[in-house]
Structures are given as structure tokens and as C-alpha cells.
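*Asks:* A structural model of the following input is requested.
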Amino acid sequence: MSKNNKIDFGHWESTLICEDTILPFGFIYEITNLKTGRKYIGKKQCLTTYKRPPLKGKKNKRHTIKETDWRDYTSSSNKLNKDIKTLGKKHFKFEILKFCDSKWQLSYEEAKIQFEKEVLLKELYYNGIINLRLCEKKS
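*Replies:* You can find the predicted model right below:
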């Protein structure tokens with residue numbers, strides 16, 4: 001968090017409204033190469049849960065929520081990361097498209113947007129795979 005209790009988004013841009021001090025679980029993003037116009041659609045978790053061993057004499061594992069490296073994160077795409085390293089971050093636009101409240105929603109929304117934009121069928125996109133493993137939403 002920054003000094004004024006607003007979330008510091010690092011290199012990410014967003015026109016979406018986010019609670020002043022509440023970090024979302026994750027977000028769907030689009031990275032655009034400003035020189036070529038190529039794009040990448042992906043997802044990134046802001047928070048992750050670590051399971052720690054139980055305390056002495058207890059049986060239940062402890063769960064700790066930690067912030068990920070999302071502020072500095074670029075992409076899981078090797079092609080895109082190579083271009084970012086070659087051209088520099090200033091030649092890319094890092095935009096948050098949607099905030100998500102759960103891992104399920106994050107996976108669902110990423111795949112939905114990737115299919116809608118036909119990222120595997122168009123040369124315009126860096127995406128080389130739509131990685132999806134999803135079950136019905138738990139209540």
C-alpha cells in the first residue's frame with residue numbers, strides 16, 4: 001500500500017474502481033506492444049494462500065494469505081517477456097481489464113475473454129495456449 005492508503009498498481013493501468021485499501025484476489029489483464037500492436041491476455045493472482053504446519057499439539061494446518069509479485073509481473077509468455085526485455089517496459093501498455101474475487105472466477109473470466117477475442121486464431125495475440133481446468137462453481 002502507498003502512504004495515502006491507495007493501492008499502488010506498479011506498472012499496471014486501470015480505469016476500474018478498486019476499494020481504497022482492499023487488494024483483490026486477482027485480475028485479468030491485457031498487455032499491448034505499442035510498437036507492433038500485438039497483445040496478450042492473461043490472469044494474475046494478487047493474493048495466495050500458503051499452508052503451514054499445525055502448531056505443536058494441534059492437527060489443523062494454518063493458512064496464511066500473502067501478496068504475490070503482481071506489481072512487477074509481466075507475463076507467463078516467453079515470447080512476450082523476450083520482447084519486453086528487448087524493447088523495454090516503456091513500449092508496452094499493461095492494462096487491468098477485470099478484478100476477480102476468487103481463483104474460480106479468475107480462471108473462468110480469463111478463458112472467457114480469451115475465447116471471445118479468439119486469441120489462438122489471430123496473429124495479433126502472443127497467446128499460444130488457453131490453459132483451462134475448471135469445475136462447477138462452489139457456493
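
*Asks:* can we go C-alpha only for contacts and neighbour counts from here?
*Replies:* Will do.

*Asks:* and the end-to-end length of stretch 11-31?
*Replies:* 11 Å (Cα to Cα, to the nearest Å).

*Asks:* check stretch 13-32 too.
*Replies:* Stretch 13-32: ends 12 Å apart by Cα to Cα.

*Asks:* point out where this protein drops to low pLDDT.
*Replies:* Residues of the chain that meet the criterion pLDDT under 70 lie in 1-6, 18-21, 139.

*Asks:* need the contact list for the most far-flung residue of it relative to its centre.
*Replies:* For the chain, the C-alpha farthest from the mean C-alpha position belongs to Gly57; by Cα atoms, centre = their mean, that distance is 38.1 Å. By Cα atoms under 8 Å, 6 or more residues apart in numbering, Gly57 lies in contact with nothing.

*Asks:* how long is stretch 54-62 from one end to the other?
*Replies:* 6 Å.

*Asks:* list the buried residues in it.
*Replies:* For stretch 54-62, the neighbour count (16 or more other Cα atoms under 10 Å) marks no residue as buried.
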